[in-house]
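K.L.:
Kindly return the folded structure for what I paste below:
(one chain, ligands or ions: 2)
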Amino acid sequence: MSNAPIRVAVTGAAGAIGYSLLFRIGTGELFGPNQPVILHLIDIEPALPALQGVTMELDDCAYPLLKGIVATANLDEGFKGVNWALLVGSVSRKAGMERKDLLGINGKIFTGQGQAIQKNAASGVRILVVGNPCNTNCLIAMNNAPEVPRERWYAMTRLDENRARLQLSRKAGVDITAVSNVAVWGNHSATQYPDFYNARINSKPVTDVIQDETWLKNEFIPTVQQRGTAVIKARGAGSAASAANAIIDSVHSIVRPTPAGDWHSLCVCSDGSYGIEKGIICGFPVRSNGSKTEIVQGLSINEFSKRGLMPRSMS
Ligand SMILES: NC(=O)C1=CN([C@@H]2O[C@H](COP(=O)(O)OP(=O)(O)OC[C@H]3O[C@@H](n4cnc5c(N)ncnc54)[C@H](O)[C@@H]3O)[C@@H](O)[C@H]2O)C=CC1
Ligand SMILES: O=C([O-])CC(=O)C(=O)O
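P.N.:
Numbers count the residues shown, from 1 in each chain. Ligands and ions are numbered 1, 2, ... in the order given. Prediction:
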């Protein structure tokens, strides 16, 4: 094992998603069984005692791949030399709130974090924003770090993709692995558009396999859009383990080549593709060659999908 460790910052590390995520990173799930990591755990001052407890537990796992832990509330220290920044830390919404209601509380967090990333991170740093509203928070952080190239900023719609794949596989009565090419367009919000027209089941168009467009339009889409709300209602707290799982899936989709013909859902900085406003962070179908991601071009967008895609602004 001679690889240099990858430094991974996780903000909100004392929170619920952090608790589901960090131990999976420790086992090597994020970068593979031969890749050592150093964790940079960042949280706010009042959460430092809890963060110390998490650090103690990570230590007690005696993970062979975990070569060090930095636990801090200081952003300069926390982002020093990091290769990846997973920006989870922020306030969660409660029942009755939309994610955009968090903007006033959470938006300002991402100003300082963007600046600290630009100042301290490794030159090739990549950033995945999870804290809600994640598209807008990502845009804020990105705009506060103009020297970090725009193609290295991502926000998370992978949990929505995973939710959509599950719904489609259940309805079609097929294994989850049969469902591919699921794009979730737009914001990680109740206005997202899980695109069933371009999705596939066993390589066939979903609409050939599930010949019930009423269900697809009137049940599938709202179920995916409202799944986070449904989990909050049932659990009394937001999705945490499934969000951590989606973080791992998102990073895999970026650092591993996408299987031929498939794509994954990821929010990236729009280049104007599909008429979506240039410069905003928006959910697209994305492919990776293992080092660079690109927005999948040339998908057919019918009138119904057009209504799902437009207008896309930063709200
Ligand atoms: N994009 C997505 O698909 C999903 C996003 N989320 C979002 O992820 C965020 C975190 O969720 P949980 O871990 O469940 O929340 P949580 O409340 O359990 O933990 C949040 C953590 O963030 C910390 N924090 C607050 N302000 C911070 C700051 N300025 N810097 C660093 N840390 C800070 C808190 O002290 C706490 O430890 C929420 O905004 C939630 O809405 C959750 C699920 C899915
Ligand atoms: O709904 C929330 O507030 C948490 C979240 O983003 C999700 O579960 O998709």
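K.L.:
And whichever helix or strand Arg170 is part of, how far out from the chain middle?
P.N.:
Element membership for Arg170 (DSSP states H and E) is helix 158-172. Per CA atoms, centre = their mean, to the nearest Å, the displacement of helix 158-172 from the mean C-alpha position of its chain is 16 Å.
K.L.:
where does whatever residue of the stretch 201-315 of the chain ends up closest to ligand 2 land in three-state SS?
P.N.:
Using CB to the nearest ligand atom, the single residue of the stretch 201-315 of the chain nearest to ligand 2 is Gly228, 2.4 Å away. Bear in mind the C-beta positions are built from the backbone N, C-alpha and C, glycine included. Recorded secondary structure, Gly228: helix (DSSP: H, G, I helix; E, B strand; the rest coil).
K.L.:
The closest residue to it other than its chain neighbours: helix or strand, and which one exactly?
P.N.:
Residue nearest to Gly228 in three dimensions, not counting chain neighbours: Ser239, with 6.0 Å by CB to CB, 6 or more residues apart in numbering. Under DSSP H and E, no helix or strand contains Ser239.
K.L.:
tell me the contacts of Ser239?
P.N.:
For Ser239, the contact set (CB atoms under 8 Å, 6 or more residues apart in numbering) comprises 159, 227-228, 231-232.
K.L.:
Check which element follows the helix holding Arg170 along the chain.
P.N.:
Taking DSSP H and E, what comes next after helix 158-172 is strand 179-180.
K.L.:
helices and strands around the helix or strand following that following strand, which ones?
P.N.:
Per DSSP H and E, the first helix or strand lying C-terminal to strand 179-180 is strand 183-185. Secondary-structure packing of strand 183-185 (3 or more CB pairs under 8 Å, 6 or more residues apart in numbering; DSSP states H and E): helix 158-172, strand 193-195, strand 281-288, helix 303-309.
K.L.:
Adjacent strands (with direction) for strand 183-185?
P.N.:
Sheet pairing for strand 183-185, assigned by DSSP bridges, gives strand 193-195 (antiparallel).
K.L.:
Residues touching the partner strand, excluding its own?
P.N.:
Outside strand 193-195, the residues that reach it (CB under 8 Å, 6+ apart) are 160-161, 164, 182-186, 220-221, 224-225, 285, 299, 305, 308-309.
K.L.:
one step back: turn the helices and strands packed on strand 183-185 into a markdown table, columns for mean neighbour count.
P.N.:
A markdown table is the format used below for the helices and strands packed on strand 183-185 (neighbours: other CB atoms under 10 Å):
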| stretch | mean neighbour count |
| --- | --- |
| helix 158-172 | 22 |
| strand 193-195 | 25 |
| strand 281-288 | 25 |
| helix 303-309 | 14 |
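K.L.:
out of the ones you listed, which comes closest to Tyr274?
P.N.:
helix 303-309 (6.3 Å; CB to CB).
K.L.:
for His252, what are its contacts?
P.N.:
For His252, the contacting residues are Leu30, by CB under 8 Å, 6+ apart.
K.L.:
what's the helix or strand for it?
P.N.:
Going by DSSP H and E, His252 is in helix 241-255.
K.L.:
Now for the residue of the stretch 201-315 of the chain closest to ligand 2: which residues touch it?
P.N.:
99, 159, 238-239.
K.L.:
Distance check, it against Met156.
P.N.:
12 Å (CB to CB, to the nearest Å).
K.L.:
repeat for Leu309
P.N.:
19 Å.
K.L.:
again, but for Thr223
P.N.:
Taking CB to CB, one finds Thr223 at 19 Å from Met156.
K.L.:
Kindly state the pLDDT recorded for the closest residue to ligand 1 within the stretch 201-315 of the chain?
P.N.:
Among the residues of the stretch 201-315 of the chain, Ala243 lies closest to ligand 1, at 3.6 Å counting by CB to the nearest ligand atom. Ala243 carries a pLDDT value of 98.
K.L.:
near ligand 1, which residues of this structure?
P.N.:
11-12, 14-18, 42-44, 47, 88-90, 92-93, 109, 130-132, 134, 156, 159, 188, 238-240, 243 (CB under 6 Å from any ligand atom).
K.L.:
go again using 5 Å as the cut-off
P.N.:
Taking CB under 5 Å from any ligand atom as the contact definition, the chain meets ligand 1 at 11-12, 14-17, 43-44, 47, 89-90, 92, 109, 130-132, 134, 156, 159, 188, 238-240, 243.
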